[in-house]
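Asks: Using only what follows, build the 3D model:
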Amino acid sequence: MAQYQITVDDTILQGLLTRNEGLAQLVEQVLQQVLQAQVATQLGATPYERTDERQGYRNGYREREVTTRIGTLTLKVPRVRDGRFSPELFARYQRSEQALVLALMEMVVNGVSTRKVTRIVEELCGDSVSKSLVSSLCQQLDPVVTAWKDRRLDDQAYPFVLVDALVLKVRHEGRVRQQGMLLATGVNADGYREILGLHVGDGESEASWGTFFQGLKERGLRGVDLVVSDQHAGLVKAVRTHFQGATWQRCQTHFTRNLLDGCPKSLHAALKAKLRLLFEAADLATARHLLTEILAEFSERAGKAMATLETGFDDATAVLALPEAYRKRLRTTNSVERLNEELRRRERVIRIFPNRLSAERLLGAVLLEQQDEWTTGHRYFEMASYWEWRTGQEQAQRESATLGPPIAA
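Replies: Numbers count the residues shown, from 1 in each chain. All right, here's what the predicted structure looks like:
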């Protein structure tokens, strides 16, 4: 990843710290320096520098406005004589903004927007918004999002997969309908997180999840060892059908909420503390011992919750079979929930998507940017100890199969 040395004007910094002003100016100044660093890297030289490694020469600037959530920034984009400089900054960080504006424009064109949305679109895009303008902009953005969404996944294995869903409102066939956006993230063999896929459909039924999982497998998803999700009935059935041989981990956060809903409020604090100890147990034997203690303590006063705990114990503690370093981040879907919050920020602006394609375009663009950050940032897991553990497990299974069942006395 490129490293940049950024300097900040003292006046802007003082205003930001003392009066909470100047954020747009600060971002504009930082981005301007990033652009200068990028063109210097491409040309192999800073302004007026004499060097044998120089690959070309600057040719002034062109101004470009970038509309963001903190205001409109005016940047001076460096130009080079052969015209090859196309800063990656815009390609990477403006897709979600473009998709958001497109969704608003579609609402105006389809005649379903509010006056507030119309004003926003006029400010961003000018007074005239036509179907042909929307169509031409979609042609620029849709191929990028679609190619990423449908990319092949067979380059490597994905041992850990986390799945969740969002409920959206989408205008379909002249009516506003609730639609489910199915989302899958994964950790690849090298320990980096990826967005594996998304799909906007009619709900969270077993058939919908099954179609989604089948699509992931057709794109090459393989090597799945653990699937983490909440306990939606259709989702769990689809997981067990399409990922046979993988372990299902029930999200401990959702499981805890279910248990607390089934017991008196006066017991919530005590039961929650006991559950935390159970879920953080060093091994399965310790967890089972703690389960026995919890059942004995709470069965009389919270019988419904204890029945749920006893039934769901094995699924909620499946992660204990993994090495300890991997358990904390894989025992819940919290990482996916944080991603959902980022999607919700955009979805709240739209409120009702004009169609399914618009929903997939906007949410796909946001997820594509998140994917860029994940794959160019820090590893989510160091996977060496996992693969060593996995090899040991497979070796033990082979030895057990060779020896056969024990002989009865």
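
Asks: okay, CA-based contacts and neighbour counts for the rest of this
Replies: Noted.

Asks: Which helix or strand contains the residue lying closest to residue 223 once chain neighbours are set aside?
Replies: Nearest residue to residue 223 in three dimensions, chain neighbours excluded: residue 157, at 4.7 Å (CA to CA, 6 or more residues apart in numbering). Take DSSP states H and E as the rule and residue 157 turns out to sit in neither a helix nor a strand.

Asks: Can you show me the strands along the chain?
Replies: All strands of the chain, identified by DSSP state E, fall at 58-68, 71-80, 160-172, 175-187, 193-201, 226-229, 247-250.

Asks: I would like the residues contacting the third one, please.
Replies: Spelled out, it's strand 160-172. For strand 160-172, contacts defined as CA atoms under 8 Å, 6 or more residues apart in numbering pick out 176-188, 204, 224-230, 333, 336, 340, 347, 351-356, 359.

Asks: hang on, isn't residue 333 packed against residue 249?
Replies: No: using CA atoms under 8 Å, residue 333 makes no contact with residue 249, being 9.7 Å away.

Asks: Tell me the residues that contact both of those two, please.
Replies: 228, 229.

Asks: Which one's more surrounded, the two?
Replies: residue 249 (25 against 21; other CA atoms under 10 Å).

Asks: residues in contact with the more buried one?
Replies: By CA under 8 Å, 6+ apart, the contact set of residue 249 is 226, 227, 228, 229, 315, 316, 317, 318, 319, 331.

Asks: and the fourth one, what pLDDT?
Replies: Note on residue 229: pLDDT of 96.

Asks: Beta-bridge partners for it, please?
Replies: Taking DSSP bridges, one finds residue 250 as the beta-bridge partners of residue 229.

Asks: can you tell me how far it sits from residue 238?
Replies: Distance, residue 229 to residue 238, using CA to CA, to the nearest Å: 11 Å.

Asks: Tell me which residue lies nearest the centroid of the protein.
Replies: Residue closest to the average C-alpha location in the chain (CA atoms, centre = their mean): residue 339, at 4.4 Å.

Asks: CA atoms of stretch 318-325 as CSV?
Replies: Output in CSV follows, covering the C-alpha atoms of stretch 318-325 (Å, rounded to 0.1, in the frame of the first residue of the first chain):
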residue,chain,number,x,y,z
ALA,A,318,-19.4,-25.1,17.7
VAL,A,319,-16.6,-22.5,17.4
LEU,A,320,-14.9,-24.0,20.5
ALA,A,321,-13.6,-26.8,18.2
LEU,A,322,-11.3,-24.2,16.5
PRO,A,323,-8.0,-23.0,17.8
GLU,A,324,-8.5,-20.2,20.4
ALA,A,325,-7.1,-17.4,18.2
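
Asks: Can you give me the distance of residue 209 to residue 252?
Replies: With distances taken as CA to CA, residue 209 is found 21 Å from residue 252.

Asks: One more: residue 24?
Replies: With CA to CA as the criterion, residue 24 and residue 252 are 41 Å apart.

Asks: out of those two, which sits in the more crowded spot?
Replies: Comparing residue 24 with residue 252 by other CA under 10 Å, the one with more neighbours is residue 252, at 24 against 18.

Asks: Wait, the more buried one touches residue 316, no?
Replies: Yes: proximity of residue 252 to residue 316 meets the contact threshold set by CA under 8 Å, at 5.9 Å.

Asks: residues touching residue 329, list them.
Replies: Contacts of residue 329 by CA under 8 Å, 6+ apart are residue 335.

Asks: Neighbour count: residue 229 and residue 238, which is higher?
Replies: Using other CA under 10 Å, the more surrounded residue of residue 229 and residue 238 is residue 229, with 26 against 21.

Asks: Contact partners for that one?
Replies: Counting by CA under 8 Å, 6+ apart, residue 229 touches 162, 163, 164, 236, 248, 249, 250, 251, 332, 333.

Asks: Residue 177 now?
Replies: So residue 177 contacts 169, 170, 171 (CA under 8 Å, 6+ apart).

Asks: follow-up on the earlier one: looking at the contacts of residue 229, spot the one nearest residue 44.
Replies: residue 162 (42.6 Å; CA to CA).

Asks: Give the burial count for the nearest residue to that closest one once chain neighbours are set aside, as a bare number.
Replies: With sequence-adjacent residues excluded and distances taken as CA to CA, 6+ apart, residue 162 is closest to residue 228, at 4.7 Å. Residue crowding around residue 228 was assessed by other CA under 10 Å; the count is 29.

Asks: if we can go back for a sec, could you report the separation of the residue nearest to the centre of the chain from residue 166?
Replies: Distance of residue 339 to residue 166, computed by CA to CA: 11 Å.

Asks: Number of residues surrounding residue 383?
Replies: For residue 383, using other CA under 10 Å, the count is 18.

Asks: Nearest residue to it in space, ignoring adjacent ones along the chain?
Replies: residue 191 (5.6 Å).

Asks: Let me see the confidence value for that neighbour.
Replies: As predicted, residue 191 sits at a pLDDT of 96.

Asks: Is it correct that it is in contact with residue 385?
Replies: No: counting by CA under 8 Å, residue 385 is not a contact partner of residue 191; they are 11.2 Å apart.

Asks: Comparing the two, which residue is more hemmed in?
Replies: residue 191 (20 against 13).

Asks: quick one: that one from residue 322, how far?
Replies: Counting by CA to CA, the gap from residue 191 to residue 322 is 15 Å.

Asks: can you list the domain ranges for this protein.
Replies: The chain breaks down into these domains under automatic domain parsing: 10-90, 94-225+336-382, 252-332.

Asks: residue boundaries of the helices in the stretch 251-400 of the chain?
Replies: Applying DSSP state H, counting those that start in this stretch to the stretch 251-400 of the chain gives helices spanning 252-261, 268-279, 284-298, 303-316, 327-330, 334-350, 356-376, 384-403.

Asks: residues near residue 215, how many?
Replies: 15.

Asks: chain center to stretch 318-333: distance?
Replies: For stretch 318-333, the separation from the chain centroid amounts to 19 Å (computed by CA atoms, centre = their mean, to the nearest Å).

Asks: what about it, average pLDDT?
Replies: 96.

Asks: tell me how far the ends of it are from each other?
Replies: First-to-last residue span, stretch 318-333, CA to CA: 14 Å.
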